[in-house]
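A.B. asks: no sequence on this one, just coordinates:
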């Protein structure tokens with residue numbers, strides 16, 4: 001436990017000493033939120049939007065800014081630490097503790113990003129249920145933070161990993177935003193017919209956020225899928241990390257302490 005707290009503290013301190021990271025936390029959310037608000041406000045009033053275009057744009061921009069920032073942090077937490085983790089492992093830290101400390105750091109950054117983005121959003125938009133909306137933003141950050149960790153583990157090159165993350169986040173944001181109504185479905189073995197939007201990581205957080213902001217209600221049917229995404233991605237993150245460090249897929253199951 002002591003090693004876990006030491007590792008987590010070091011990761012957080014390391015981030016606070018990076019001016020670029022701190023700058024992104026402060027500057028990226030306001031810029032993205034306003035950019036989306038202005039851009040979507042230029043759209044005609046479409047029935048599918050369900051609200052004022054500028055508000056819809058800021059909702060979409062807020063989710064995207066929190067998710068993408070958390071994804072970048074997750075990505076570079078893994079990539080930049082690949083060699084360092086090897087040295088720390090030799091010093092006696094288990095790989096599971098090291099990955100857990102990085103995930104906790106990613107959670108801290110997700111919370112910080114959600115705070116900044118929500119303050120900007122709440123200043124521009126009247127939020128029906130602020131507390132609920134904030135925690136939904138945090139969940140969206142966790143989803144993409146874990147995706148960033150997985151991408152960084154499987155593609156440990158900064159340029160290639162960043163390109164994959166950018167492409168995924170942009171496509172995800174377009175499909176989940178509601179700006180382009182999508183009703184297509186696909187048939188999968190065992191699971192049957194699945195809506196394409198159910199395969200988009202930000203779709204369910206987006207629906208939860210819209211409901212909290214506009215109606216002040218919890219869209220309960222979307223909460224379980226979000227938690228399912230987080231649980232599934234967390235498992236994949238541990239397994240992928242174990243495989244990439246040579247511990248194997250079985251090495252990340254309970255009881256592994258190497």
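C.D. replies: Received it, and whenever you're ready, just let me know what you need. Not measured: the values here are computed from a predicted model.

A.B. asks: only C-alpha atoms from now on, for both contacts and neighbour counts.
C.D. replies: Will do.

A.B. asks: the strands in the stretch 51-200 of the chain, which residues?
C.D. replies: Residue ranges of the strands in the stretch 51-200 of the chain, as given by DSSP state E, counting those that start in this stretch, are 185-188, 192-195.

A.B. asks: switch these over to CSV; also include distance to residue 153.
C.D. replies: Below are the strands of the stretch 51-200 of the chain laid out as CSV (distance: least, C-alpha to C-alpha, whole Å):
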stretch, distance to residue 153
strand 185-188, 27
strand 192-195, 28
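
A.B. asks: for those strands, which one sits closest to residue 114?
C.D. replies: strand 192-195 (28.2 Å; C-alpha to C-alpha).

A.B. asks: wait, which of the strands of the stretch 51-200 of the chain is closest to residue 208?
C.D. replies: Smallest distance to residue 208 across the strands of the stretch 51-200 of the chain (C-alpha to C-alpha): 17.1 Å, for strand 192-195.

A.B. asks: looking at this structure, which helix or strand does the model trust least?
C.D. replies: Per-element confidence for the chain was summarised using mean pLDDT, DSSP states H and E. The lowest value among helices and strands belongs to helix 82-90, with a mean of 56.

A.B. asks: re the thing from before, between the strands of the stretch 51-200 of the chain, which one is nearest to residue 136?
C.D. replies: Checking the strands of the stretch 51-200 of the chain against residue 136 by C-alpha to C-alpha gives strand 192-195 as the closest, at 21.8 Å.

A.B. asks: give the other helices and strands that the closest one contacts.
C.D. replies: Counting contacts by 3 or more C-alpha pairs under 8 Å, 6 or more residues apart in numbering; DSSP states H and E, strand 192-195 is packed against strand 185-188.

A.B. asks: contacting residues around the strand it packs on?
C.D. replies: Contacts of strand 185-188 with the rest of the structure, by C-alpha atoms under 8 Å, 6 or more residues apart in numbering, involve 193-196.

A.B. asks: now render those residues as CSV, adding distance to residue 68 and neighbour count.
C.D. replies: Shown next, in CSV, are those (distance: C-alpha to C-alpha, whole Å; neighbours: other C-alpha atoms under 10 Å):
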residue, distance to residue 68, neighbour count
193, 29, 11
194, 26, 13
195, 24, 14
196, 21, 16
